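Trainee: coords please:
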Amino acid sequence: MADLEFINISKSFGGISALRQANLSCNKGQVHALLGENGAGKSTLLKVLSGAIQANSGEIRIAGKTVNIRNPHDAAAHGVGTVYQELSIIPNLTVSENIFIGRIPRNKFGSFDKKKLRENTKELFEEYGVTDINPDDIAGPLSLSKRQMIEILRVLSKKPAIIIFDEATSALTENKVNWLLKLARKLADQGRIVIFISHRMSEIKDGCDIITILRNGQTVGEMKVNEVEMDKAISLMLGRKIEGYYPEIVSHRAAEKAMEVKNLSHRHILYDIRFDLYRGEVLGIGGLAGQGQAELLLSLFGILKSRNDISLYGKPYRIHSPKKSIENGIALIPEDRGFQGLLLPFSIKFNITLSSLSRLGAGPLLSGIKEQTVVTEYMNALQIKALSKDMAVVNLSGGNQQKVVLAKMLATGPKILMMHDVTRGVDVGTKKDIFTLVRALAAGGNSIIYFSTDVEELVNVCDRVLVMFDGTVTASFSESERNEANIVSASIGVKSGIHK
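Mentor: Numbers count the residues shown, from 1 in each chain. Prediction:
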């Protein structure tokens, strides 16, 4: 008998089966990984445990006793805490207020006791080794990684006996991923049940003990991490052996410069950025997160105002706004798809066409035929899995949401496409699709600026890689020098040099 058991859990949405008699057994003291493609049923299964949804059939047992979890309140009463992939931070509240929202201590006069709140937050930070977040900071302007840490700490502050990390590492920087893996181990060693969803095989191998694999809503395997080859686990996830994970890099770089960037600076964050982007080139941007990469992409797209000297296809270009960037053939896949890239309550059709309405007109009116054609084209091309084009994006898996963002920006007809960690939080099959798409776009004459926190991706997807350190470009590696050792060395300031 396991400490936590899911027995024959089934769940359908609108006649579509998300779970089909799925089973999962977890024990105290173990970090249990749940693997599967986007849409395999992982999050659905754990939402049944967290009370976000109710199963159509099946049974959950905790410590051998059947429990009835009808809502999040019931889940909390049974000691379940869930860190979801999508953030729920309230931007205008402080870090402390977000962590203890609904549980903020009061003084004897009934008012919020801010001193006690700050003390509680500092105690929590000390317990879990958080040293780089100020409890009094407003949460909204913080980095995505720090906002994700706030989500994690909010759950841990409730002292749950069962902790679910649903893609919690996808928004974290590399050093914070290591922090979370150590934290998961600490929680397990304390005798808690830890369930961990991630699409990064290295995290599963380094941080977990047991793997359960779902495919098409069914449990298809369980194994010990130290006894399994990751290729076998991936094959079980996909139902097939995956080959050619990274496409062959065939250079389509032309002599023509698509963009020339000189003297780009932004406040105290970016300093004298200089580089050339060629037509048909995939230009990687590497370096440790927080070195100005996000601000560079936002500046080039017109969201942040910067000093710069930029040319597009040999002609001087002034960055005005995202609207003008799109009109000039520049598009951005943003860092946070849920917050920056999508209107989650709205349909797939609405989201895909939102940025390209000017291209879909019939006189002063929107052409329904053109709209339907574009939506169908990109849903088919990107293999977006959904019941229909009218399905709300919030109900899609993370990988399919990312594909909707891609479709939205590709529908604008960009010549230059900037991608911010585009494979974050998507499964290996979707990642392979994205890699193939990137190389195909380059072959078609598009120019890609590809920022990734995954060094292996930079090496295997890009023609050339720039490395940013402390707000400027410190190194550039062409094909012969484009390897993990060089990129990592430059990322920590050890190796530098600009080589075209």
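Trainee: going forward, measure contacts and count neighbours with C-alpha atoms only.
Mentor: OK.
Trainee: What residues sit buried inside stretch 72-90?
Mentor: 72, 74-76, 78-87, 89 (16 or more other C-alpha atoms under 10 Å).
Trainee: ok, which stretches of the stretch 251-400 of the chain are strands?
Mentor: Under the criterion DSSP state E, counting those that start in this stretch, strands of the stretch 251-400 of the chain are mapped to 257-266, 270-278, 282-286, 307-312, 315-317, 330-333, 361-362, 365-366.
Trainee: Pro247: which of these is closest?
Mentor: strand 282-286 (12.9 Å; C-alpha to C-alpha).
Trainee: follow-up on the earlier one: tell me the one of the buried residues of stretch 72-90 nearest Asp454?
Mentor: Of all those, Asp454 sits closest to Gln85, with 18.7 Å by C-alpha to C-alpha.
Trainee: for the closest one, what are its contacts?
Mentor: Asp166, Glu167, Ala168, Ser170 (C-alpha atoms under 8 Å, 6 or more residues apart in numbering).
Trainee: can you check Ile269 too?
Mentor: Gly292, Glu295, Asp470, Gly471.
Trainee: what about the third one, neighbour count?
Mentor: Put plainly, it is Asp470. Using other C-alpha atoms under 10 Å, Asp470 has 18 neighbouring residues.
Trainee: Just give the nearest non-adjacent residue to it, would you?
Mentor: Gln291 (5.1 Å; C-alpha to C-alpha, 6 or more residues apart in numbering).
Trainee: Check the burial of Glu327 by counting its neighbours.
Mentor: Glu327 - counted by other C-alpha under 10 Å - has 15 other residues nearby.
Trainee: Tell me the pLDDT of it.
Mentor: Here the pLDDT value assigned to Glu327 is 94.
Trainee: can you give me the offset of stretch 368-379 from its chain's centre?
Mentor: 27 Å (C-alpha atoms, centre = their mean, to the nearest Å).
Trainee: still on that earlier bit, which two in the contacts of Ile269 are spaced the farthest apart?
Mentor: Glu295 and Asp470 (12.0 Å).
Trainee: Return the set of buried residues in the strand or helix carrying Asn175.
Mentor: Asn175 belongs to helix 174-189 when assigned by DSSP states H and E. Neighbour counts over helix 174-189 (16+ other C-alpha under 10 Å) mark Glu174, Lys176, Val177, Asn178, Trp179, Leu180, Leu181, Ala184, Arg185, Leu187, Ala188 as buried.
Trainee: now swap in stretch 2-21 and tell me
Mentor: Buried residues in stretch 2-21 (16+ other C-alpha under 10 Å): Leu4, Glu5, Phe6, Ile7, Asn8, Ile9, Ser10, Lys11, Ala18, Leu19, Arg20, Gln21.
Trainee: Just name the closest of the residues you listed to Arg482, please.
Mentor: Ala18 (41.8 Å).
Trainee: pLDDT wise, what is the closest one at?
Mentor: Reading off the model, Ala18 has pLDDT 89.
Trainee: ok, now Tyr128?
Mentor: 95.
Trainee: hang on, it packs against Ala184?
Mentor: No. Applying C-alpha atoms under 8 Å as the test, Tyr128 and Ala184 come out as separate, 10.5 Å apart.
Trainee: Check the gap between Ala407 and Ala331 for me.
Mentor: Taking C-alpha to C-alpha, to the nearest Å as the measure, Ala407 falls 11 Å from Ala331.
Trainee: who's more crowded, these two?
Mentor: Remark: of Ala407 and Ala331, Ala331 carries more neighbours, 29 against 24, as counted by other C-alpha under 10 Å.
Trainee: if I pick that one, what's in contact with it?
Mentor: So Ala331 contacts Phe301, Ser325, Met409, Leu410, Thr412, Pro414, Ile416, Leu417, Met418 (C-alpha under 8 Å, 6+ apart).
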